[in-house]
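In: here's a sequence, model it:
(chains A and B)
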Amino acid sequence: MTLAQTPREATNAPGAAPRLDEHATVDPVRLIGGWSVPVAIVDREGRVRAWNRGAGTLYGRSEESVLGQEWTSVVGEEPTLDSSLSLGPDTRRYETRHRAQDGKILDVMVTRTEMLDQGEGSTGALLLVTDLTASRVMEGRLTRRIAQLSVVREIGEALQSAMGLTGILRTILVGATASQGLRFNRAFLLLVDGKRGDLRGRVAIGPSDAEEAARIWSELSQSATELKDLLRRYEPYFERAHNRVNEIVRSLSARLDEEDRFLVRVLRSMATVRVVQGAEVGSGRPVDEDLLLSLGVESFVAVPLHAEGKPMGLLLADNAITGKSVEDEDVGILELLGIQAALAIERAQLSGELETQIASLETATRQVRENHERLLRAERLSAVGQMAARVAHEIRNPLVAIGGFARLLLREAPAAGPMQESIQIIASEVRRLETILREVLDFSKPTPPRLGKVDLVRLGREAVDLLRWEVREAAVETRFDADPDLPEIRADRDQVFQALLNVVQNAIHAMPAGGVLALHTRKRPGWLEMAVRDTGPGIPEEARSRIFEPFFTTKSTGSGLGLTIAQNILREHGGEIQVDSREGEGTTFYLRLPAAEETGRVEDLGG
Amino acid sequence: MSKILVVEDEKNLRLLYKKDLERDGHAVVTAATAGEGLEALEIDSPDLVVLDIRMPGMDGLDCMGRILDRNPRIPVVLNTAYSSYKENFLSWAADAYVIKSSDTGELLAKVREILAARPQAKTH
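Out: Numbers count the residues shown, from 1 in each chain, chains lettered A, B, ... in the order given. Down below sits the predicted model:
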C-alpha cells in the first residue's frame, strides 16, 4: 500500500514535483529504485537515466541494458497524437502501447511529470507506467461476452424464423462457429431418433484443416456482418457432402440403450460436459476412444439438448483448428445456445408431425371426395342401368315369342330339311340374344361361369364367322394365328364366346372403311392369351381409360356395354382384358384366361 | 287332363304358352289381365295357374294374393321376365318361379312336376 501511494503523490500533487538539485535531500533515482510500480526517469533528451525494478519486471529489461538509451526505442513507444490528459502544469497522462523485451504488446497508461530545475527549465521527466493489459483483457472479454449474448439473441431470432429442421440445425451450427457467433472452430449436431431408438449425427460445420479455415473465415468475415447474411453464405459449405466434418458427423451414432457410451451418458445426464485431454472435466472419466478418434480431438464440449425434460440431441463443439482452450464462459454461452436450439428443434419436430397429420387429413378428405364422386357415378349408372333394364325387358317378351314359336315350328317341321336348319338358326340366335339380355339385366349380379373345356381358337373363328356379314360389309380382311400346343382352358363357353364376340365386333366397327382384323392366340406362362388386333384409327388417349366403363361409347350405335361385359366375363373366369392402342395405327385387345392346370380360382367360382 | 289358366298380357306369348301346354296334353284357358284371370278362376276352375307378374293394372303378385284368398290349394307358377321378383317375399307363396324364355322347356317341366305331385297332396 505504501509503495502504491508514492507514485500517486507524484501524480496527484504536481506542484510538489521532485526537483533535481544538489540541495535535494532525496535522490529520486534512489527513491524509485525499489518500487514494484514501473517508473523510469529520462533526461531532457529523452534518454533513460533511471529504470526501477517494476519497469525491469514489466518490460523484461535490466537497468544496465536501458540506461542512456532513447526511452521511446526502449519501450517501443510510437509517437502518438497528443491525446494526453493534462493533470497540471507539469504532469500529463496518456495511454499508449509498449513492447516488452519478449515482443509482448503492453497496453499502458503513462503519467509523465516534468522535472524542473531552479530556473524552471526541464531537466527531464519522471515516467510512471501503469500496465493496463490485464484490465484491457478483462474489458475485451466483457465486450466479447456482451457481443456473444447479443449473438445468442440474434441466433434465437434466426431460429424462430428458420424454415424446417434443416434450417434450424444450420442456424445452430453457424451460431456456434461464426466469428460473429460463439467462435468455436467446429460444431456437430446429433439428434435423438425415437423410432429407431438411437442418437445419430445429423449435420456439422467447420473447416477440414487450417488452410480451409483461413479461407472460409476470411471469405465469410469479409462479406457478412449479419447472421442472416452469414447463414445464406454458409449454404455452399453445408451442401458440400464430402466435407470432412460431414463425414465425421455421419459416423457418430449410439443406441439409446448403450448407457456406457459417452454420447448417451451426456444426453441422459442433461448436463454439459467439457472434455479435456480425452477425459471429462470433473469426474476425470475417460471418453470413448472411438469418439475421440472420429472427432480427431482430445478436447471438446458436449451440450445436451433437451426440451421439457425430453432429451432431443447433443451439440458438440471444439477448437480443432486453433487449438484454443475452451473457457468456462464459452461453455455457458454454448449452453444458452443449446437451450434455444432444443426449443427450436422441438418446434420443428412438432410442426413436422403436424404437417404429417395435415397431409393424412388431406388424403382422407381427398378419398372422401373421390368416394363421393364414385357414388354419384354409380348412382347415375344405376339410373341409366334401370332404364336399360326396362328397355331390355320390352325386347325380351317379343324375343320369347319369336324364339318360342321357332321352337314350336321346329318340332312340327319335317326333320332334316332346309327349313329345319333355318328355324334352328332363328331359335339359336334368339337364344343368344336372350343370353345377352340376361347379361345386361344381371349386370350387377353376374352369374358364376358354368365351366367346361373351351377351345379358344375355335371360339374366335366362330365369333368372326357369326359376324361375317359385317366383316364383308366393311371389307375387313381377317387373319387367324395360333401357337402350337396351346394349354387347355376351362371356362363357360357361352360367356367367353360372348366376350370374344363383343371384342371382335368392336374391332370390326373400328374399321368401317376396311382394314385387317387379326386374332392371335398365344401361350403365356400360366395363361392363354388371345390378341384381337384391328388397324382402325386407335382409341384417343383420354378415352382409353374409360372404354371398359358401362355405357361409355364413342360409337353412335351400340349399348356401351360390350367391352364392360367382356371385362366382367374375363374377370369372372379369373382372367383379364387389356387394351393397347396407338392413334393412327390401331388397337389390340388382349384377352387372358388362366390355363387349365392353374384354374384353382375358376374352379372355386364354378363350385 | 288338367286344366291350366295362363294369365299373360302379351298376346303372342299367350298363344305360345297355350300351344306348348296343349302340346304337352293340357287343356288351356287364357286371360289377358289379372281381372280376367280372377274371373276365369271362378268360371273354369283350373287345376293350375301360370301367372305373369308384370301386367298393366293389377300385377301378378296382387293377383296371386287374390287367387290364394279364394283357393289356397291351387298351384301358381309365376312366369316372368324379371329375375328380381325372386327376392320379393310375395313370390315365395308361388309353387314355382320361372324366368320367361323362348325355350319353354322349363315352364312345361315345372307344370308337369307340380301336377304330378298334386293328387298325392290332395289325398292327405
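In: switch to C-alpha atoms for all contacts and neighbour counts from now on
Out: Fine.
In: how about the residue nearest to residue A:322 when sequence neighbours are not counted, phi and psi?
Out: Distances taken as Cα to Cα, 6 or more residues apart in numbering or on different chains place residue A:185 nearest to residue A:322, at 7.3 Å, with adjacent residues excluded. Main-chain dihedrals, residue A:185, degrees, to the nearest 10: phi -70, psi -40.
In: separation between residue A:185 and residue A:393?
Out: According to Cα to Cα, to the nearest Å, residue A:185 and residue A:393 sit 88 Å apart.
In: pick out whichever of these two has more residues nearby.
Out: A direct count of neighbours by other Cα atoms under 10 Å in any protein chain shown for residue A:185 and residue A:393 places residue A:185 higher, at 23 against 18.
In: quick check: pLDDT value at that one.
Out: Residue A:185 carries a pLDDT value of 83.
In: test my guess that it contacts residue A:175.
Out: No. Contact between residue A:185 and residue A:175 fails when scored by Cα atoms under 8 Å: they sit 11.1 Å apart.
In: quick check, central residue of chain A?
Out: In chain A, the centroid-proximal residue (Cα atoms, centre = their mean) is residue A:166; its distance is 6.6 Å.
In: give me the element it is part of.
Out: helix A:164-177 (DSSP states H and E).
In: so which bits of that helix are buried?
Out: A:164-165, A:167-177 (16 or more other Cα atoms under 10 Å in any protein chain shown).
In: how about it as CSV, C-alpha atoms only?
Out: Written as CSV, here are the backbone C-alpha positions of helix A:164-177 (Å, rounded to 0.1, in the frame of the first residue of the first chain):
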residue,chain,number,x,y,z
GLY,A,164,-37.8,-26.6,-41.2
LEU,A,165,-35.4,-28.7,-39.2
THR,A,166,-32.6,-28.4,-41.7
GLY,A,167,-32.7,-24.6,-41.4
ILE,A,168,-32.7,-24.8,-37.7
LEU,A,169,-29.8,-27.2,-37.4
ARG,A,170,-27.8,-25.0,-39.8
THR,A,171,-28.6,-21.9,-37.8
ILE,A,172,-27.4,-23.5,-34.6
LEU,A,173,-24.2,-24.6,-36.2
VAL,A,174,-23.4,-21.3,-37.8
GLY,A,175,-24.2,-19.6,-34.5
ALA,A,176,-21.8,-21.9,-32.6
THR,A,177,-18.9,-21.3,-35.0
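In: so what secondary structure elements neighbour it?
Out: helix A:133-161, strand A:186-193, strand A:198-205, helix A:227-239, helix A:328-412 (3 or more Cα pairs under 8 Å, 6 or more residues apart in numbering or on different chains; DSSP states H and E).
In: what's in contact with the third one?
Out: When you say that, I think you mean strand A:198-205. A:169-170, A:173-174, A:177, A:186-193, A:237-238, A:245-246, A:249-256, A:264, A:313 (Cα atoms under 8 Å, 6 or more residues apart in numbering or on different chains).
In: poorly predicted segments of chain B, please.
Out: B:83-91, B:119-124 (pLDDT under 70).
In: how many neighbours does the closest residue to chain A within it have?
Out: The nearest approach of chain B to chain A comes at residue B:102, 4.0 Å away (Cα to the nearest Cα). By the criterion of other Cα under 10 Å, residue B:102 has 26 neighbours.
In: isn't it up against residue A:431?
Out: Yes. With contacts counted by Cα under 8 Å, residue B:102 reaches residue A:431, the gap being 7.1 Å.
In: okay, and the common contacts of those two?
Out: Counting by Cα under 8 Å, 6+ apart, the common neighbours of residue B:102 and residue A:431 are residue A:403.
In: quick test: name the residue nearest the centre of chain B.
Out: Residue closest to chain B centre, computed by Cα atoms, centre = their mean, is residue B:50 at 1.2 Å.
In: tell me how far residue B:110 lies from residue A:94.
Out: The spacing between residue B:110 and residue A:94, counted by Cα to Cα, is 132 Å.
In: contact partners for residue A:210?
Out: When contacts are counted by Cα under 8 Å, 6+ apart, residue A:210 touches A:321, A:322.
In: so how far is residue A:149 from it?
Out: 27 Å.
In: how about residue A:39?
Out: Separation of residue A:39 from residue A:149 (Cα to Cα): 40 Å.
In: residue A:534 and residue A:588 touch, don't they?
Out: Yes. Between residue A:534 and residue A:588 there is a contact at 6.4 Å, judged by Cα under 8 Å.
In: who's more crowded, those two?
Out: Using other Cα under 10 Å as the criterion, residue A:534 and residue A:588 rank with residue A:534 on top: 29 against 24.
In: show me the contacts for the more buried one.
Out: Counted by Cα under 8 Å, 6+ apart, residue A:534 has contacts A:507, A:508, A:510, A:511, A:515, A:516, A:517, A:518, A:586, A:587, A:588.
In: ok, and the closest non-adjacent residue to the fifth one?
Out: This points to residue A:515. Closest residue in space to residue A:515, ignoring its immediate chain neighbours: residue A:476 at 5.0 Å, by Cα to Cα, 6+ apart.
In: that neighbour and residue A:510 touch, don't they?
Out: No. Counting by Cα under 8 Å, residue A:510 is not a contact partner of residue A:476; they are 10.3 Å apart.
In: coming back round to it: out of the helices and strands packed on helix A:164-177, which gets the lowest mean score?
Out: Ranked by mean pLDDT, the helices and strands packed on helix A:164-177 bottom out at helix A:227-239, with a mean of 69.
In: which PyMOL command selects the buried ones in the contacts of strand A:198-205?
Out: Entered in PyMOL, the line below selects the buried ones among those, by 16+ other Cα under 10 Å:
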select buried, chain A and resi 169+170+173+174+177+186+187+188+189+190+191+192+238+245+246+249+250+252+253+254+255+256+264+313
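In: return the residues of chain B in contact with chain A.
Out: Residues of chain B that fall close to chain A, judged by Cα under 8 Å from any Cα of the partner chain: B:10, B:12, B:13, B:16, B:20, B:81, B:82, B:100, B:101, B:102, B:103, B:104.
In: now do the contacts for the fifth one.
Out: Okay, so that is residue B:20. Residue B:20 neighbours (Cα under 8 Å, 6+ apart): A:408, B:104, B:108.
In: can you put those in a markdown table and add distance to residue A:569 and neighbour count?
Out: Output for the contacts of residue B:20, formatted as a markdown table (distance: Cα to Cα, whole Å; neighbours: other Cα atoms under 10 Å in any protein chain shown):
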| residue | distance to residue A:569 | neighbour count |
| --- | --- | --- |
| A:408 | 32 | 20 |
| B:104 | 27 | 21 |
| B:108 | 31 | 16 |
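In: return the residues of chain A in contact with chain B.
Out: Residues of chain A found near chain B (Cα under 8 Å from any Cα) are A:393, A:396-405, A:407-408, A:427, A:430-431, A:434.
In: any of those residues buried? List them.
Out: Among the residues of chain A next to chain B, those classed as buried by 16+ other Cα under 10 Å are A:393, A:396-397, A:399-405, A:407-408, A:427, A:430-431, A:434.
In: what's the most distant pair in these?
Out: Farthest pair in these (Cα to Cα) is A:393 and A:408. Separation: 22.2 Å.
In: just give me the longest strand of chain A.
Out: strand A:105-116 (DSSP state E).
In: the nearest residue to residue B:25 once chain neighbours are set aside: neighbour count?
Out: Leaving aside its chain neighbours, residue B:25 sits nearest to residue B:1 (6.9 Å; criterion: Cα to Cα, 6+ apart). Look at residue B:1: counted by other Cα under 10 Å, it has 7 neighbours.
In: can you tell me the SS state at residue A:102?
Out: What DSSP: H, G, I helix; E, B strand; the rest coil gives for residue A:102 is coil.
In: tell me where chain B has strands.
Out: B:3-7, B:27-31, B:48-51, B:76-80, B:96-99.
In: where exactly do the strands run in the stretch 501-607 of chain A?
Out: Ranges of strands in the stretch 501-607 of chain A, per DSSP state E, counting those that start in this stretch, are A:515-524, A:527-534, A:576-582, A:586-594.
In: what packs against the shortest one?
Out: Spelled out, it's strand A:576-582. Under the contact criterion of 3+ Cα pairs under 8 Å, 6+ apart, strand A:576-582 touches helix A:562-572, strand A:586-594.
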